[in-house]
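Visitor: Next comes the sequence, and after it the predicted model I'd like to discuss.
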Amino acid sequence: MGVRGDSGGKAAVHAFIPARRGSKRVPHKNLILVNGKPLIAYTIETALQSGVFGRVIVNSEDDEILAVARSYGADTYLRPPELASDTTYIIEIIQEMIRALEWSDDTVLGVLFPTCPLRTAQDIQGAYQLFREQGGATPVVSVTSYEYPIQLALNIAEDNRLDPVFPEDYRRSTRHNDHRRMYRANFAIIFNTVGELKTQTNLIGRRPIPYIVPPERAIDVDDPHQMLFIETILSGRAASTKNHAGA
């Protein structure tokens, strides 16, 4: 079904799943079958299982994606075609939907990329609990630590030689444990209010609170080889669930 505006009362909490048809590295990746299910289905099912959201909304310009989303229990929103290019920022897509549906500023959105299918319902619940503990005043963004210290990053110079990106850190030590752990946003989960999202120029927001997700649940599919990792991990989960059910 299509999405309508909120009817008032207690602040609503919705899941927002952006799903564009096009993809350069992995064509139509949101609909690729992984262990017999479209990739996007895993995010929809996990969002529903979490029990956090009043609605789980898939936003796409593609009729096939929207039809698949509805078949797995999601509401849908038809994205304007001018916001379906690979140069469009997700924050622009969110802001267009917010304006169209006239959501109140206290409405909460949980942004869930469908290309991050390994986050769990418990991850969503934990991130939302952290958001509530902050009174909803600060965005919560899921992050993952870099497996290798970024202080030891190398750049290939114009003469094809390797130069340290952070020379002072590199000279000080090349031991991993001598450097502070750094994190990156993994886009598995973001919680924020409509009021904040309306004014932001990027998806992360102003000094968000981190919710740490381990690397094995934070893969964001952007290359074909990652699909193999995703399939293997999800297959293992399914087998484990089946074994526990039969115990």
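Guide: That came in fine, so what should we check first?
Visitor: Check whether residue 207 sits in a helix, strand or coil.
Guide: coil (DSSP: H, G, I helix; E, B strand; the rest coil).
Visitor: how many neighbours does it have?
Guide: 7 (other CB atoms under 10 Å). C-beta coordinates here come from the backbone N, C-alpha and C atoms, glycine included.
Visitor: wait, it sits on residue 141?
Guide: No - taking CB atoms under 8 Å as the definition, residue 207 is not a contact partner of residue 141, at 10.1 Å.
Visitor: which residues sit in contact with residue 239?
Guide: By CB atoms under 8 Å, 6 or more residues apart in numbering, the contact list for residue 239 is empty.
Visitor: which element is it on?
Guide: helix 224-245 (DSSP states H and E).
Visitor: Can you point out the buried residues in that helix?
Guide: Using 16 or more other CB atoms under 10 Å as the burial criterion, the residues of helix 224-245 that qualify are 226, 227, 230, 231, 233, 234.
Visitor: Repeat that for stretch 161-178.
Guide: Buried-residue list, stretch 161-178, by 16+ other CB under 10 Å: 166, 169, 170.
Visitor: give me phi/psi at the second one?
Guide: Same thing as residue 169. Phi and psi for residue 169, reported as degrees, to the nearest 10, are phi -60, psi -40.
Visitor: From residue 15, how far out is it?
Guide: 39 Å (CB to CB, to the nearest Å).
Visitor: ok, residue 64 touching residue 31?
Guide: Yes - between residue 64 and residue 31 there is a contact under CB under 8 Å: 6.7 Å.
Visitor: Tell me which residues are up against the longest strand anywhere in the chain.
Guide: Assignment by DSSP state E gives strand 183-193 as the longest strand of the chain. Applying CB under 8 Å, 6+ apart, the contact partners of strand 183-193 are 105-113, 115-116, 118-119, 123-124, 127-128, 130-131, 136, 139-146, 200, 203-205, 208, 210-213, 217-218, 220.
Visitor: Distance from the chain centre to the host helix or strand of residue 155, please.
Guide: Secondary structure from DSSP H and E places residue 155 in strand 154-156. Per CA atoms, centre = their mean, to the nearest Å, the displacement of strand 154-156 from the mean C-alpha position of its chain is 29 Å.
Visitor: so what secondary structure elements neighbour that strand?
Guide: If you count contacts as 3 or more CB pairs under 8 Å, 6 or more residues apart in numbering; DSSP states H and E, strand 154-156 packs onto strand 162-164.
Visitor: pLDDT of the strand it packs on, averaged?
Guide: Mean pLDDT, computed over strand 162-164, is 97.
Visitor: helices or strands up against that strand?
Guide: strand 154-156.
Visitor: mean confidence score for the strand it packs on?
Guide: 97.
Visitor: Ok, stretch 118-132 next?
Guide: Mean predicted confidence for stretch 118-132 is 98.
Visitor: Tell me which residues are up against that stretch.
Guide: For stretch 118-132, the surrounding residues in contact (CB under 8 Å, 6+ apart) are 13, 43, 46-47, 49-52, 108, 110, 112, 138-140, 142, 188-189, 191, 209, 211, 213, 216-219, 230, 233-234.
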